[in-house]
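Participant: Just need the structure, nothing else, for what follows:
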Amino acid sequence: MDIGSKIGLKRGKARVPAFASGQRMNRIFSLDGVSKVFVTEDGREVRALDDVSLAGATGEFLCLLGPTGCGKTTLLRLLAGLEVPSRGEVRVQGLPPDKTFRSIGYVFQQGALFPWRTALGNVLFGLEARKWPKAEARKRARECLSLVKLDGVENAWPHELSGGMQQRVAIARAVALEPSLLLLDEPFGALDEKTRRDLQEELLRLWEESGVTLVFVTHNVEEAVSLGQRVVVLGMNPGRIEEEFRVEIPYPRDPLSPAFVETMIEIRRSINDIVT
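Facilitator: Take a look at the predicted model:
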């Protein structure tokens, strides 16, 4: 019996998968044979992704894991409709992302808050753009700030907030529009360990309460195992999906538990095999 079967970790070559063994997946997004090529200023072609096929289930928490430069952010931007594939097909709720962008939320690596808007003003931005009634929009924005435990900072400017608080505002702004699919690009990478763990807990709570599908990009194995129901490992040069792991450890996950440690070892072993 191998380590994975002992700890309830299922692994295998990534493909368009069923969400759970014996269960038909209710897909919210899919990539089918997707490649992405960028052309540099000197005319060279750089293949960021090559022949990627992946699907996500409604309500799933999926982590994309891999070294810097493996195409994780490019994959996320394709799902958001911020990039178009050079080859292959991307679908969100059965349609191209540019047709379903209203159901997609995006949180960048650093909060990307508007410095000329308060915390409340930042969360209001998307609601105002969609012409929500003013009173209803302010009520919704305050609810979302409360959801990420930022009651009382509505009038604070971004420069007055810590890095962790800025990311909470960014998450509140993204969820204010009630997306079906929330994409997060290494949102906690620049934070200290305690703040990162606190925000991980907040994100899990938000996911459990809202039912939103989350796709979370990270290069941190511990973070991926802490959060993801499924961890997809990407290789690089060019970026390809190499392997996937289903993490069946109950939440909340104890990083010191034998199951957690063994899962990290198994995934790190996979990454080492890919990059060496």
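
Participant: C-alpha only now, for contacts and for neighbours.
Facilitator: Will do.

Participant: mind checking how far stretch 97-114 is from the chain centre?
Facilitator: Centroid displacement of stretch 97-114 relative to its chain, using CA atoms, centre = their mean, to the nearest Å, is 11 Å.

Participant: Residues contacting that stretch, please?
Facilitator: 78-81, 90-93, 122, 158, 166-167, 169-171, 174-175, 177-190 (CA atoms under 8 Å, 6 or more residues apart in numbering).

Participant: Next step: those restricted to strands.
Facilitator: If you go by DSSP state E, the contacts of stretch 97-114 have V90, R91, V92, L181, L182, L183, L184, D185 in strands.

Participant: And these, which two are furthest apart?
Facilitator: R91 and D185 (19.1 Å; CA to CA).

Participant: Quick one, grab the pLDDT at I274.
Facilitator: Looking at I274, its pLDDT is 75.

Participant: Kindly report the same for E136.
Facilitator: pLDDT recorded at E136 is 96.

Participant: From A176, how far off is it?
Facilitator: According to CA to CA, to the nearest Å, E136 and A176 sit 12 Å apart.

Participant: quick one, which of those two is more surrounded?
Facilitator: The residue with more neighbours, out of E136 and A176, is A176; 22 against 10, by other CA atoms under 10 Å.

Participant: Looking at strand pairing, list the partners for the residue sitting nearest the centre point of the chain.
Facilitator: For the chain, F216 is the residue whose C-alpha lies nearest the centre (CA atoms, centre = their mean; 2.0 Å). Going by DSSP bridges, F216 is paired in beta bridges with C63, L184.

Participant: Please work out the average pLDDT along the host helix or strand of R196.
Facilitator: In the assignment (DSSP states H and E), R196 maps to helix 193-210. Mean per-residue pLDDT for helix 193-210: 90.

Participant: For it, report the contacting residues that lie outside it.
Facilitator: With contacts defined as CA under 8 Å, 6+ apart, helix 193-210 is touched by F61, L147, V148, G164, R168, F188, G189, T213, L214, L227.

Participant: Give me the neighbour count for the last one.
Facilitator: I take that to be L227. Other residues near L227 number 21, with proximity taken as other CA under 10 Å.

Participant: Which residues are in contact with it?
Facilitator: Neighbour list for L227: F61, C63, Q200, L204 [criterion: CA under 8 Å, 6+ apart].

Participant: wait, the first one sits on G211?
Facilitator: No: between F61 and G211 no contact is recorded; they are 9.7 Å apart, counting by CA atoms under 8 Å.

Participant: Where does pLDDT dip in this structure?
Facilitator: Along the chain, the parts satisfying pLDDT under 70 run over 1-25, 111, 275-276.

Participant: try 80 this time
Facilitator: 1-25, 110-111, 190, 274-276 (pLDDT under 80).

Participant: residue boundaries of the strands in it?
Facilitator: Using DSSP E, the strands of the chain run over 9-12, 27-39, 45-57, 61-65, 87-92, 104-107, 181-185, 213-218, 230-235, 240-247.

Participant: mind saving the C-alpha coords of the second one as PDB?
Facilitator: Just to be clear, that refers to strand 27-39. Taking C-alpha atoms only, strand 27-39 is exported to PDB below (Å, rounded to 0.1, in the frame of the first residue of the first chain):
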ATOM      1  CA  ARG A  27     -18.900  21.600 -14.500                       C
ATOM      2  CA  ILE A  28     -18.600  25.400 -14.000                       C
ATOM      3  CA  PHE A  29     -15.500  25.700 -16.200                       C
ATOM      4  CA  SER A  30     -13.500  23.700 -18.700                       C
ATOM      5  CA  LEU A  31     -10.300  24.100 -20.700                       C
ATOM      6  CA  ASP A  32     -10.000  21.800 -23.700                       C
ATOM      7  CA  GLY A  33      -6.600  21.400 -25.400                       C
ATOM      8  CA  VAL A  34      -5.600  25.000 -24.500                       C
ATOM      9  CA  SER A  35      -2.300  26.500 -25.500                       C
ATOM     10  CA  LYS A  36      -1.100  30.000 -25.100                       C
ATOM     11  CA  VAL A  37       1.800  31.600 -27.000                       C
ATOM     12  CA  PHE A  38       3.200  35.100 -26.300                       C
ATOM     13  CA  VAL A  39       5.400  37.000 -28.700                       C
END
